[in-house]
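> structural data only, the sequence is not supplied:
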């Protein structure tokens, strides 16, 4: 989710499609696609940045950089291998790929001394490219209202101990400013920079990214941390609250919550000997079991992308959608393909539909802005690729690895399951390519009487191999942190995670 002056852009996780929403009502203004841009190669990250009213997208440093507005692809630029790093006033900024992580053995090891420079390029909305050369590697860009700051790696280097006599090389930095618009120098040198960003530099507030990477709910999270979102006059702390005992002695099931806290008065300095920071939220919204992937301030709302509608907005069987305890009419519609496209995508998540929800702390209102199962984007997506020749071999190997979860760890006393409480696990392949998944079911001691179930997708939406390399560790972490739905969510003897 990205907020610009043209609206709230909600991007599909895999396809080159976004719904642009009205920031006041949540109504969908337009569906936008950039399917002309080739899909990213396996292992390549998709980079998306925003300027005042559009997006800059790059799927590979070897492929084109494009600017996307409400009408689709407006500009396509050859970057000569430079990587999209930032965008803002007047265009996008690309750099040479940052240096790879450098590891050395032993505290006395000598790091590599860089002797080559790098390139920074400013790309205008019309595709005009202006390049600046540096005398040192570029590790990052930082954007403020006044300038784009280039971080250059310089000596001295410090070794950080990672354990086992392995050390990471961390170079010192020099920051050099470049103007958003106007003339650029042909070359900048690290010696002309400064060791820190100026403390008075205000971060640019263009294209606010709604990525949210938090996990567990922490009412004490620092207000300046990336997990805390400032929106609608409040500080929002979100995450998973595990099972807990309520005042009556019963068990309150674990859920995701979004809690609004009062913003401290900057003119009032608390006395640390007397005053303790308040951990009591002004308002708490129950978000259900499926998680939050994005959150950003939009006007008087905190707008979140959730894995499924919160419980108070879930429709009753045979009835219309309505607002719940934090009431508000549902409106707008969402992203998901219909027909055959929908069938091959449906396997990625069971019994849920990602959605966009607006939370208003002052009134306690919660509104469904966008539902992920009501808009057909089939004609805006990339076509399905040919089935990989090694698809069957790959699926069987992944199945074999998931068939050993009862004997995952080997210790002095023998084999142990993936984590405490897991037993009787079974794995099988379900669905035809590209919707082939591993269905993994198991008994779990804290949820007696039902089988827990998780589906692991083996191919992406284009039909390419999407190896779930760390899915077993992810399941273990969910179990160990009690991120398990309550028993009342079970259906037909299965509790889906």
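Arrived safely, thanks for sending. This one's a predicted model, so the numbers in the text were calculated from it and none came from an experiment.
> rest of the way, CA atoms for contacts and neighbours
OK.
> correct me if wrong: residue 408 contacts residue 414.
No: under the criterion of C-alpha atoms under 8 Å, residue 408 makes no contact with residue 414, lying 10.4 Å away.
> which one of these two is surrounded by more residues?
residue 408 (16 against 8; other C-alpha atoms under 10 Å).
> pull the contacting residues for that one.
For residue 408, the contact set (C-alpha atoms under 8 Å, 6 or more residues apart in numbering) comprises 415, 416, 417, 418.
> out of those residues, which one sits closest to residue 153?
Residue 153 lies nearest to residue 418 out of the contacts of residue 408, by C-alpha to C-alpha, at 42.1 Å.
> from residue 478, how far off is that closest one?
Residue 418 sits 12 Å away from residue 478, going by C-alpha to C-alpha, to the nearest Å.
> can you check residue 425 too?
Going from residue 425 to residue 478 by C-alpha to C-alpha gives 16 Å.
> do residue 215 as well
Distance of residue 215 to residue 478, computed by C-alpha to C-alpha: 10 Å.
> list the strands paired with the longest strand along the chain, with their directions.
Longest strand of the chain, by residue count under DSSP state E: strand 148-163. Its sheet considered, strand 148-163 pairs with strand 138-143 (antiparallel), strand 166-178 (antiparallel) by DSSP bridges.
> residues contacting the first one, please?
The contact list for strand 138-143 (C-alpha under 8 Å, 6+ apart) reads 85-86, 88, 95-99, 117-119, 148-153, 203-204.
> please redo it, this time with the cut-off set to 7 Å
Under the criterion C-alpha atoms under 7 Å, 6 or more residues apart in numbering, residues 85-86, 96, 98-99, 118, 148-153, 203-204 lie in contact with strand 138-143.
> returning to what we had before: ok, residue 425 and residue 478, which is more surrounded?
Taking other C-alpha under 10 Å, residue 425 and residue 478 do not tie; residue 425 has more neighbours (21 against 13).
> ok, now how distant is residue 11 from residue 359?
Distance, residue 11 to residue 359, using C-alpha to C-alpha: 20 Å.
> more crowded one of the two?
For residue 11 and residue 359, the more surrounded residue by other C-alpha under 10 Å is residue 359, and the numbers stand at 27 against 19.
> for the helix or strand encompassing the more buried one, packing partners?
Element membership for residue 359 (DSSP states H and E) is strand 355-360. With contacts defined as 3 or more C-alpha pairs under 7 Å, 6 or more residues apart in numbering; DSSP states H and E, strand 355-360 has these neighbours: strand 301-306, strand 365-371.
> could these go into CSV alongside distance to residue 108 and mean pLDDT?
CSV is the format used below for the helices and strands packed on strand 355-360 (distance: least, C-alpha to C-alpha, whole Å; pLDDT from 0 to 100):
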stretch, distance to residue 108, mean pLDDT
strand 301-306, 48, 93
strand 365-371, 56, 92
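> nearest to residue 459, of these?
strand 301-306 (22.7 Å).
> any weak-confidence spans in the chain?
Applying pLDDT under 70 to the chain flags the ranges 114-115, 200-208, 243-253, 265-279, 314-351.
> can you name the next helix or strand after the longest helix anywhere in it?
If you go by DSSP state H, the chain has its longest helix at helix 391-402. Next in sequence after helix 391-402, counting helices and strands by DSSP H and E, comes strand 409-411.
> residues in contact with that following strand?
Contacts with strand 409-411, where a contact means C-alpha under 7 Å, 6+ apart, come from 415, 416, 417, 418.
> any quick PyMOL command for the buried ones out of these?
Selection of buried members from the contacts of strand 409-411 for PyMOL, criterion 16 or more other C-alpha atoms under 10 Å:
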select buried, resi 416+417+418
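> how about the helices in this protein?
Using DSSP H, the helices of the chain run over residues 339-346, 391-402, 471-480.
> quick one on the thing from earlier: make TSV from the helices and strands packed on strand 355-360 and add distance to residue 178 to it.
Shown next, in TSV, are these (distance: least, C-alpha to C-alpha, whole Å):
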stretch	distance to residue 178
strand 301-306	33
strand 365-371	39
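> of those, which is nearest residue 259?
With C-alpha to C-alpha as the criterion, residue 259 lies closest to strand 301-306 of those, at 10.5 Å.
> adjacent strands (with direction) for the closest one?
Short version: by DSSP bridges, strand 301-306 pairs with strand 292-298 (antiparallel), strand 355-360 (antiparallel).
> tell me which of these sits most buried.
strand 355-360 (a mean of 25; mean count of other C-alpha atoms under 10 Å).
> quick check: angle from it to strand 365-371?
On the basis of axes from the mean of the first three to the mean of the last three C-alpha atoms, to 10 degrees, strand 355-360 is oriented at 160 degrees to strand 365-371.
> give me the residues contacting strand 355-360.
300-309, 365-372.
> in the sheet, who's paired with the closest residue to residue 131 other than its chain neighbours?
Nearest residue to residue 131 in three dimensions, chain neighbours excluded: residue 121, at 4.3 Å (C-alpha to C-alpha, 6 or more residues apart in numbering). Beta-bridge partners for residue 121, by DSSP bridges, are residue 94, residue 131.
> can you get me a residue count around residue 121?
Each residue near residue 121 was counted by other C-alpha under 10 Å, and the total is 22.
> on that earlier part again, packing partners of the longest helix of the chain?
Applying 3+ C-alpha pairs under 7 Å, 6+ apart, one finds that helix 391-402 contacts strand 422-430.
> so what touches the strand it packs on?
Against strand 422-430 from outside (C-alpha under 7 Å, 6+ apart): 399, 402-403, 405-406, 436-445.
> again, only using 10 Å
347, 395-396, 398-407, 416-418, 436-446, 451-458, 476, 479 (C-alpha atoms under 10 Å, 6 or more residues apart in numbering).
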